[in-house]
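J.: sequence plus the predicted model coming up.
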Amino acid sequence: MKLFRTLLSILFLYVTCAAVVAIGANPEIFGTAGVISGMIIFTAPGGAGTPFAFNTTFLPEFISWNDAGSPLTSFRVETQEDGVLHDWTAAGIAAMNGFMKVGAQAANEVLLRLGDGEIRPKNVTISGVTSAAGAIAFSVCSDNVGISAYKSSNAAILAANPTVFEKFTALFVPAAVTATDRFEVEFSDGHKQNFDIVDLQRLSSMYQQVQGTIVNNINGYIKKVTVTCAAAHPAYILSVYIKGQ
């Protein structure tokens with residue numbers, strides 16, 4: 001009996017050690033693979049009209065920086081595997097800044113969402129142009145392991161010309177005017193509803209601290225939206241990147 005208990009103890013110890021090794025090698029067993037800390041990944045020296053570029057071996061979920069009141073002229077994210085995912089102008093950065101950020105943002109902070117989590121491996125090049133003197137430190141962070149990158153694009157809404165948007169995650173029309181502009185949203189079940197700018201701003205506050213004129217389709221409930229504006233306005237589209245589309 002004593003020998004049996006000794007053998008049983010040894011077996012238990014072996015199984016425990018094997019489990020610890022397995023968890024260390026595969027932390028996703030208990031979901032800890034998605035706990036990824038943030039870090040400063042690059043510092044641009046700054047300068048008027050000064051380009052910068054850096055490379056990473058992963059696509060982060062978020063990238064952020066503080067521009068000290070001097071916004072970047074442009075900001076670009078591309079991967080060797082997928083091509084250009086984002087090619088933001090200063091106006092596009094401002095429109096998408098803080099999308100679905102819970103809690104207050106620091107003054108002059110920019111936070112952009114690049115994916116549904118950290119995606120590895122990816123051969124990523126991030127570049128842009130600074131607009132004034134002063135170094136800018138870029139930070140990345142993720143709170144889970146992702147599978148899908150986001151892609152942004154620009155569009156033009158012509159005056160008094162209904163413009164239809166489909167297959168998007170979020171639609172930003174920051175210059176829309178409350179008194180004249182309307183958004184007709186058609187949901188996946190066929191239901192239609194008209195929203196004005198105030199409606200969309202109030203709804204955006206359910207997801208983020210700073211309100212915006214945003215049609216948020218993060219849950220995929222919206223089939224399409226038809227935007228009608230009295231004057232021409234730029235629009236910025238964020239969507240899940242699907243190769244070939």
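T.: Thanks, I have it.

J.: which residues in the protein form helices?
T.: 2-25, 90-96, 197-204 (DSSP state H).

J.: next, count neighbours for the residue lying closest to residue 140 once chain neighbours are set aside.
T.: Nearest residue to residue 140 in three dimensions, chain neighbours excluded: residue 60, at 3.6 Å (Cβ to Cβ, 6 or more residues apart in numbering). C-betas here are computed from N, CA, C, even on glycine. Residue 60 sits with 28 neighbouring residues when counted by other Cβ atoms under 10 Å.

J.: where does pLDDT dip in the protein?
T.: 1-38, 244-245 (pLDDT under 70).

J.: contact partners for the residue sitting nearest the centre point of the chain?
T.: The chain has residue 113 as the residue nearest its centroid, 1.6 Å off, counting by Cα atoms, centre = their mean. By Cβ atoms under 8 Å, 6 or more residues apart in numbering, the contact set of residue 113 is 61, 62, 96, 99, 100, 150, 238.

J.: surely the fourth one touches residue 209?
T.: When you say that, I think you mean residue 99. No - in this structure, residue 99 is not within contact of residue 209 by Cβ atoms under 8 Å, at 10.8 Å.

J.: higher neighbour count, those two?
T.: residue 99 (22 against 13).

J.: for that one, which non-adjacent residue is closest in space?
T.: residue 113 (5.6 Å).

J.: that neighbour pairs with what?
T.: residue 62 (DSSP bridges).

J.: how far away is it from residue 48?
T.: In this view, residue 113 and residue 48 are 28 Å apart by Cβ to Cβ, to the nearest Å.

J.: pipe the contacts of residue 113 into CSV and attach distance to residue 54 per row.
T.: Converted to CSV, the contacts of residue 113 look like this (distance: Cβ to Cβ, whole Å):
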residue, distance to residue 54
61, 18
62, 16
96, 21
99, 23
100, 25
150, 20
238, 23
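
J.: and which of those is nearest residue 200?
T.: When the contacts of residue 113 are compared for distance to residue 200 (Cβ to Cβ), residue 99 wins out at 13.2 Å.

J.: pull the number of nearby residues for residue 231.
T.: Neighbour tally, residue 231, other Cβ under 10 Å: 13.

J.: ok, it - contacts?
T.: 159, 177, 180.

J.: what sits against the first one?
T.: Each residue near residue 159 by Cβ under 8 Å, 6+ apart is listed here: 229, 230, 231, 232.

J.: got the domain ranges for this structure?
T.: The chain breaks down into these domains under automatic domain parsing: 1-30, 33-148, 153-240.

J.: pretty sure the residue nearest to residue 140 sits against residue 142.
T.: Yes - checked against Cβ under 8 Å, the pair residue 60 and residue 142 is within contact range at 5.4 Å.

J.: give me the common contacts of the two.
T.: Where contact means Cβ under 8 Å, 6+ apart, the residues bridging residue 60 and residue 142 through contact with each are 115, 118.

J.: quote the end-to-end distance of stretch 80-99.
T.: Stretch 80-99 has an end-to-end distance of 26 Å (Cα to Cα, to the nearest Å).

J.: look up how far residue 83 lies from the residue nearest to residue 99.
T.: Counting by Cβ to Cβ, the gap from residue 113 to residue 83 is 19 Å.

J.: same thing with residue 154?
T.: From residue 154 to residue 83 the distance is 16 Å (Cβ to Cβ).

J.: neighbour-wise, which of those two wins?
T.: Neighbours were counted for residue 154 and for residue 83 using other Cβ under 10 Å; residue 154 has more, 14 against 10.
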